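>>> Here is a sequence with its predicted model. Questions after.
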Amino acid sequence: MNVHHIFLWLDHSALAALIRDSTWAFAALEVVHLLGLTLLLGSIAVLDLRLLGAGLKDQTVTEIARDTSPWTMIGLGTVTVTGIIMAVAEANRLYDSGPFFIKMVLFVLAVTLTFTFHRGVTKSEPSAGAALGGGIVSLLLWFGVGFAGRAIAFF
Amino acid sequence: MSLYEICQFIQDSEIGTAIRESQIVFPVIESFHVLGLAVSAGAIVLLDLRLTGLGMGRVMPAQIMRRLKPWYMTGFAIMILTGALLFWAEAEKLYRSPTFRWKLIFLVIAGLNAAYYEVKYVPTMDTWDGKSELPSGAKLAGWCSLISWAAVIGFGRWTAYGLK
């Protein structure tokens, strides 16, 4: 069984049919995906800003990281669950989508960074170099995921 | 000229048409509009989480607002600019969209709420000592903000879906 078969099988699943047959299900999923994305990107952006020495400067990086990370996790959970369901409903189209592939690669990299570097800074202050590097890479990756996601609709 | 005819005129204009029919420009503007959410609404959400008491407990609201305001005001400027360009391209379609009207209604509510908060609470924010509860009106403004911005985002996405 190759990857294409898996995508086709998902595309023919009952869940996919359920969503495609409904006039409002996919739109509702997109709305929730977008709300989760706002929470995810908003909380990450504030932490990354702090890593770059901007935004909530009166707090330490560790304090901001600890305050924002529950919300980042809620946002991440939301986009992941809604994303998986939407991907199942559109599996066949997404298989051929270049932007979707790029988005997934960036997503894996971004999540890895978040669970390693960002998790690390909730425990101890990063060095100036690590903060700068980590902040910039995180912003690029996460906004990259966002732009690639938008590109799916257009290309 | 009726409002509808004005919207038609805007949509049919050279610039409106150019934006709408371009392969790159419309997607790019739309992408910045959607991702600008992170910098605008996303930052406001963190302030609202603090005001409502749901989270961000370590930072005083006055500090959140003072430090994040330049960022979210820039974010909103991007939203307004990209939003205006998107409207320019599809004014007539948006006029006929009921969900877009709801988006505008909630935008106004969010704006009025922000203005009210600015006038009533911002002058006193520095006196909040962090030991007692925040004024109930400030909490309410936080909830109103969360709900109205979520509605703006929801109706915005629904509008795009309806226009597809």
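Sure, I can see it.
>>> Please make it C-alpha for all contacts and neighbour counts, starting now.
Will do.
>>> how about stretch B:140-147, does it reach chain A?
No. Shown here: stretch B:140-147 not in contact with chain A (C-alpha under 8 Å from any C-alpha of the partner chain), separated by at least 10.9 Å.
>>> Just the element for the residue in chain A that chain B sits nearest to, please.
Chain A approaches chain B most closely through residue A:42 (3.8 Å), counting by C-alpha to the nearest C-alpha. Using DSSP states H and E, the element containing residue A:42 is helix A:25-51.
>>> what's the helix or strand for the nearest residue to residue B:117 once chain neighbours are set aside?
Leaving out its chain neighbours, the residue that sits closest to residue B:117 by C-alpha to C-alpha, 6 or more residues apart in numbering or on different chains is residue B:141, at 6.7 Å. Following DSSP H and E, one finds residue B:141 within helix B:136-163.
>>> go on, residue B:23?
Using DSSP H and E, no helix or strand contains residue B:23.
>>> So what does it have for phi and psi?
Main-chain torsions, residue B:23, degrees, to the nearest 10: phi -70, psi -40.
>>> Tell me where the chain has helices.
All of this refers to chain A. Counting by DSSP state H, one finds helices in chain A at the ranges A:3-11, A:14-21, A:25-51, A:61-89, A:91-95, A:98-113, A:119-121, A:128-154.
>>> hm, I was asking about chain B
B:3-12, B:14-21, B:25-39, B:41-52, B:61-95, B:98-120, B:136-163.
>>> Buried deepest among the ones you listed, which one?
Burial of those is given as mean neighbour count (mean count of other C-alpha atoms under 10 Å in any protein chain shown); helix B:41-52 ranks first at a mean of 24.
>>> In contact with residue B:50, which residues?
Listed by C-alpha atoms under 8 Å, 6 or more residues apart in numbering or on different chains, the contact partners of residue B:50 are B:56, B:57, B:59, B:60, B:61.
>>> Can you list phi and psi of the fourth one for me?
It stands for residue B:60. phi -70, psi 140.
>>> Now it: closest residue in space that isn't a chain neighbour?
Leaving out its chain neighbours, the residue that sits closest to residue B:60 by C-alpha to C-alpha, 6+ apart is residue B:130, at 6.8 Å.
>>> With residue B:43 instead?
Setting aside the residues directly before and after it, residue B:43 is nearest to residue A:42 in space (C-alpha to C-alpha, 6+ apart), at 5.5 Å.
>>> Touching, that neighbour and residue B:39? I think so.
Yes. Using C-alpha atoms under 8 Å, residue A:42 is in contact with residue B:39, at 6.1 Å.
>>> Compute the mean per-residue pLDDT across the helix holding residue A:42, please.
For helix A:25-51, the mean per-residue pLDDT is 94.
>>> tell me what that helix is packed against?
In this structure, helix A:25-51 packs against helix A:14-21, helix A:61-89, helix A:128-154, helix B:25-39, helix B:41-52, helix B:136-163, with contacts taken as 3 or more C-alpha pairs under 8 Å, 6 or more residues apart in numbering or on different chains; DSSP states H and E.
>>> residues in contact with residue A:49?
Residue A:49 neighbours (C-alpha under 8 Å, 6+ apart): A:55, A:56, A:135.
>>> Is it possible to get a markdown table of the helices of chain B that adds mean pLDDT?
Shown next, in a markdown table, are these (pLDDT from 0 to 100):
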| stretch | mean pLDDT |
| --- | --- |
| helix B:3-12 | 94 |
| helix B:14-21 | 93 |
| helix B:25-39 | 91 |
| helix B:41-52 | 93 |
| helix B:61-95 | 93 |
| helix B:98-120 | 96 |
| helix B:136-163 | 93 |
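>>> Quick check: which of the helices and strands packed on helix A:25-51 is nearest to residue A:3?
Nearest to residue A:3 among those is helix A:61-89 (13.4 Å), distances taken as C-alpha to C-alpha.
>>> thinking again about what came up before, closest one of the contacts of residue A:49 to residue A:90?
residue A:135 (33.2 Å).
>>> Skip the chain neighbours and tell me the closest residue to that closest one.
Per C-alpha to C-alpha, 6+ apart, closest to residue A:135 is residue A:48, 4.6 Å.
>>> What of residue A:79?
Excluding the flanking residues, the one nearest residue A:79 by C-alpha to C-alpha, 6+ apart is residue A:33, at 4.9 Å.
>>> Please tell me I have it right and the residue nearest to residue B:117 contacts residue B:113.
Yes. Residue B:141 lies in contact with residue B:113 (C-alpha under 8 Å); the separation is 6.4 Å.
>>> residues touching residue B:135, list them.
By C-alpha under 8 Å, 6+ apart, residue B:135 has no neighbours at all.
>>> same deal with residue A:95?
Residue A:95 touches A:4, A:7, counting by C-alpha under 8 Å, 6+ apart.
>>> Mind doing that once more with 7 Å?
residue A:7 (C-alpha atoms under 7 Å, 6 or more residues apart in numbering or on different chains).
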